[in-house]
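Student: Need a 3D model of the following:
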Amino acid sequence: MATGIGEIAGQSVLVIGGTSGIGLAAARAFDAAGARVTIAGRSAERGVAACAGLGTDAVFRRCDASEPADLELLVADTLAARGRIDTLMVSPGTTRLPELLFRQSLEDIRTSLTRDLAPVLLACRAVLPVMMAQGAGCIINVASDAGKIATPGESVIGAGMAAIIQFTRGLAIEGKRNGIRANVITPSLVEGTPLTDRLMVEGTFPAKLFAKARQLAHLGPTTPEDLAALALFLAGPGAARITGQAISVNGGISAA
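Tutor: Presented below is the predicted three-dimensional model:
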């Protein structure tokens, strides 16, 4: 039986969506803990800037995680540079703002699913054979509480997030015999991220929706650093028996 990976220091950590927001906060936390961090994202400009704020061993790789060919190259390059991939974190972000279903075009729906859901499934599929060969690995996906709680304007977003949650649970059951753990972090409103900035500026419907949610976070607003701390724990030996879980971090907005 595989015993899993050890301490964070020295791990090869790949963060897809690591150029901003939650992914970047996680990359910084892993880097500070001594991991060998590779961040990947679609924007070369953001990636270079993000990598400049990390340690000298950190690298950026441009990758559109909705494209299988890009992911294959990313995994191959990471293996060539690091020799292994101990932890994969996928934090693609959400491309669409909340909107009532009848106001969404078919193209909006298609874009939401392909940009939010596909990167998680495809990235995990690309890295899974590597972790199986190693006999160990940790996968951390980022979804949202929209996949657990029905909210007006989040029918499509919620469907995609629920799919990520269930996918991760299934992956955990499939991977456990090879020492692979898979969990999903489900925040609600996360302060200081590009998405939240858009929510509060663009359009009255999302702004009103999340202004109400913010008032319910009596334990304090969730920050990217809160989620990064959880990711760090999940990737470490203290979480060696935790797999298949969808963990909410929302400051008390709900008991999801």
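
Student: use CA for all of it now, contacts and neighbours both
Tutor: Noted.

Student: From what I see, G137 and T87 are in contact.
Tutor: Yes - using Cα atoms under 8 Å, G137 is in contact with T87, at 5.8 Å.

Student: Quick one: residues contacting the nearest residue to E7 once chain neighbours are set aside.
Tutor: In space, and not counting its chain neighbours, E7 is closest to G236: 5.5 Å by Cα to Cα, 6 or more residues apart in numbering. Residues near G236 by Cα atoms under 8 Å, 6 or more residues apart in numbering: 5-8.

Student: In terms of distance to D226, which of the residues you listed ranks first?
Tutor: For the contacts of G236, the closest approach to D226 (Cα to Cα) belongs to I8, at 17.3 Å.

Student: Was I right to think the closest one contacts A235?
Tutor: Yes - I8 is in contact with A235 according to Cα under 8 Å; the separation is 7.0 Å.

Student: neighbour-wise, which of those two wins?
Tutor: A direct count of neighbours by other Cα atoms under 10 Å for I8 and A235 places A235 higher, at 30 against 22.

Student: how close does the more buried one get to L14?
Tutor: Distance, A235 to L14, using Cα to Cα, to the nearest Å: 12 Å.

Student: Between the two, which contacts overlap?
Tutor: Here A235 and L14 have T87 as joint contacts, going by Cα under 8 Å, 6+ apart.

Student: ok so, going back, ok, the residue nearest to E7 to G137 distance?
Tutor: 11 Å.

Student: likewise R61?
Tutor: In terms of Cα to Cα, R61 sits 21 Å off from G137.

Student: Can you tell me which of the contacts of G236 is nearest C51?
Tutor: After measuring these against C51 - Cα to Cα - the closest member comes out as I8, at 18.9 Å.

Student: which SS class is the closest one?
Tutor: coil (DSSP: H, G, I helix; E, B strand; the rest coil).

Student: which ones are touching it?
Tutor: Contacts of I8 by Cα under 8 Å, 6+ apart are 30, 33-35, 232, 235-236.

Student: so where do the strands sit in the stretch 151-256 of the chain?
Tutor: Ranges of strands within the stretch 151-256 of the chain are 180-187, 246-249, based on DSSP state E, counting those that start in this stretch.

Student: Go through those and pick out the most buried.
Tutor: With neighbours defined as mean count of other Cα atoms under 10 Å, those peak in mean count at strand 180-187, which reaches a mean of 27.

Student: In the sheet, which strands lie alongside that one, parallel or antiparallel?
Tutor: Strand 180-187 has its sheet partners listed here by DSSP bridges as strand 137-142 (parallel), strand 246-249 (parallel).

Student: So which residues make contact with stretch 28-45?
Tutor: So stretch 28-45 is contacted by 8-19, 27, 47, 51, 54-55, 57-65, 78, 82, 228-229, 232 (Cα under 8 Å, 6+ apart).

Student: what's the distance between S43 and T56?
Tutor: 20 Å.

Student: how many neighbours does V75 have?
Tutor: V75 has 19 neighbouring residues, counting by other Cα under 10 Å.

Student: Next up, the contacts around it.
Tutor: Going by Cα under 8 Å, 6+ apart, the list of residues near V75 reads 126-127.

Student: SS state for it?
Tutor: helix.

Student: Same check on F60?
Tutor: Assignment for F60 (three-state DSSP): strand.

Student: which residues touch it?
Tutor: Neighbours of F60 in contact, by Cα under 8 Å, 6+ apart: 38-40, 47-48, 51.

Student: List the ones among those residues that fall in strands.
Tutor: 38-40 (DSSP state E).

Student: for the stretch 1-150 of the chain, what spans make up the strands?
Tutor: So, for the stretch 1-150 of the chain - with DSSP E, counting those that start in this stretch - the strands run 12-16, 36-41, 59-62, 87-90, 137-142.
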